[in-house]
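Visitor: Below are the sequence and a predicted model; questions follow.
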Amino acid sequence: MSLGDRLKRANWLLLGVGVLLALVGATTVHVASLGQRADYGAAQVRWVVLGVVACLLVLAVPYRRIVDARWFVYALGLLALVAVLVVGRGKSAGRWIQIGGFRAQPSELMKVVLVVMLAGYIRYDRSHRELRGLLRPLAITLVPVLLIMKQPDLGTALLLLPLLLVMLYAAGARRQHLGLVMGLGALAGLALFFLPGLMSGYQKDRVHAFLLQHADDTMLQRHQLHHLHQSKTVVGTAGFIGSGLGEATADAVRYLPERHSDFIYPVYVMAFGTGGAVILFLLYALLVGLILRVGMGVREPSGRLLCVGIAALFACQAIINLMMTVGLLPIVGMPLGFMSYGGSSLLTSFLALGLVLNVGADHPYEFGRGDFD
């Protein structure tokens, strides 16, 4: 199939939703930058353009070739994570590698790498339908999880586990086996918190902040509690229509930490109000729904699993970010897909979208109703 044919068959509505979310994110980042020396919004627009280019480049390569190269791609991803531990740099955590004038965050790219790896491994292997057969996919997932936690980056590490569970479930793994894995994961989470040396001090502080969020205002304004206090205050005072894109919103979020990245959602709500928040929820629901629709139209197993994994990636990332910014989950450092400032995060989102467009271009008229057999 020629590149022209692939472009004709691509789901341009899906790409349009992604670009719309990214441009709304860049606008919100610009508002968060008002009064500062640097306009992060302009930089984010440049990343949007590069992201669309990266998306189209992925569309040009048949997705089966990418899946067939999964072990090579997976190995490169692991090497990048190891390199971060050696030469990485970042605020409060060594999560970035400096490449010329660009800072790359390998843990972001690992999200898509893991989806590709699992889609290729699970596609024709039925062993995951038995309990012992879950060990290899679990090991494939745990290796990057442990490396990412070492950075430390708890949010990204925890995001990879739901991707595994959703993809295994879609491929036919038994519910009781997945329930057992989830139970063991919950026990591991408790061990992380209570056993010394497994979690960083600031990560434990954030869990304490979540548990103490209903304490008095004086307690809420201390240390890590300040993040949650400011976020909930901004969201709670936004109103239905918000304060607009000017100085009023910039002043309201001035004391909100990480307002360009992890806490971009409160800035958006302050600018566009709770009415705008409903529209944002609908856009994310449309994005995930369109991805799943592409997956439902494909009988080829790795293509369907790619769509399921990427839909789970966007859905879980959005749910965790939105819930942590309003106090329904502890703060774990999770960017909002397409919205948060950052080149690595935005490029990863568009690369994932490119894979879905790729699958849809290869299977535009098929309808897969059967199992992954």
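Guide: Looks like it came in fine.
Visitor: and the helix or strand harbouring V29, what other elements does it pack with?
Guide: Following DSSP states H and E, one finds V29 within helix 12-33. Packed against helix 12-33, as judged by 3 or more CB pairs under 8 Å, 6 or more residues apart in numbering; DSSP states H and E, are the following elements: helix 40-60, helix 247-252, helix 264-296, helix 343-362. For the C-beta atoms, the positions are set from N, CA and C on the backbone; glycine is no exception.
Visitor: got the angle for that helix vs helix 264-296?
Guide: On the basis of axes from the mean of the first three to the mean of the last three CA atoms, to 10 degrees, helix 12-33 is oriented at 170 degrees to helix 264-296.
Visitor: now helix 12-33: how far from the chain's centre is it?
Guide: How far helix 12-33 lies from its chain's middle: 15 Å, per CA atoms, centre = their mean, to the nearest Å.
Visitor: again with stretch 141-152
Guide: On the basis of CA atoms, centre = their mean, stretch 141-152 sits 16 Å off its chain's mean C-alpha point.
Visitor: can you list the weak-confidence ranges in the stretch 151-300 of the chain?
Guide: Applying pLDDT under 70 to the stretch 151-300 of the chain flags residues 192-206, 208-209, 212-225.
Visitor: Skipping its backbone neighbours, what lies nearest the residue nearest the centre of the chain in space?
Guide: In the chain, the centroid-proximal residue (CA atoms, centre = their mean) is Q317; its distance is 4.1 Å. In space, Q317 comes closest to G337 once its chain neighbours are excluded; the distance is 4.8 Å by CB to CB, 6 or more residues apart in numbering.
Visitor: who are the neighbours in contact with the one you found?
Guide: L21, L313, F314, Q317, A318, S345, S349 (CB atoms under 8 Å, 6 or more residues apart in numbering).
Visitor: Just the buried subset of the residues you listed, please.
Guide: Among the contacts of G337, those classed as buried by 16 or more other CB atoms under 10 Å are L21, L313, F314, Q317, A318, S345, S349.
Visitor: Closest one of the residues you listed to T141?
Guide: T141 lies nearest to L313 out of these, by CB to CB, at 13.1 Å.
Visitor: Correct me if wrong: that closest one contacts L353.
Guide: No - using CB atoms under 8 Å, L313 makes no contact with L353, being 10.4 Å away.
Visitor: next helix or strand past the one helix or strand V143 maps to?
Guide: Assigned by DSSP H and E, V143 belongs to helix 135-149. Next in sequence after helix 135-149, counting helices and strands by DSSP H and E, comes helix 154-170.
Visitor: Enumerate every residue touching G77.
Guide: Counting by CB under 8 Å, 6+ apart, G77 has contacts P106, L109, M110, V113, L114, P144.
Visitor: Compute the number of surrounding residues for the last one.
Guide: P144 has 24 neighbours, counted by other CB atoms under 10 Å.
Visitor: just the fourth one next, same as before
Guide: Here the count is done by other CB under 10 Å, and V113 has 23 residues near it.
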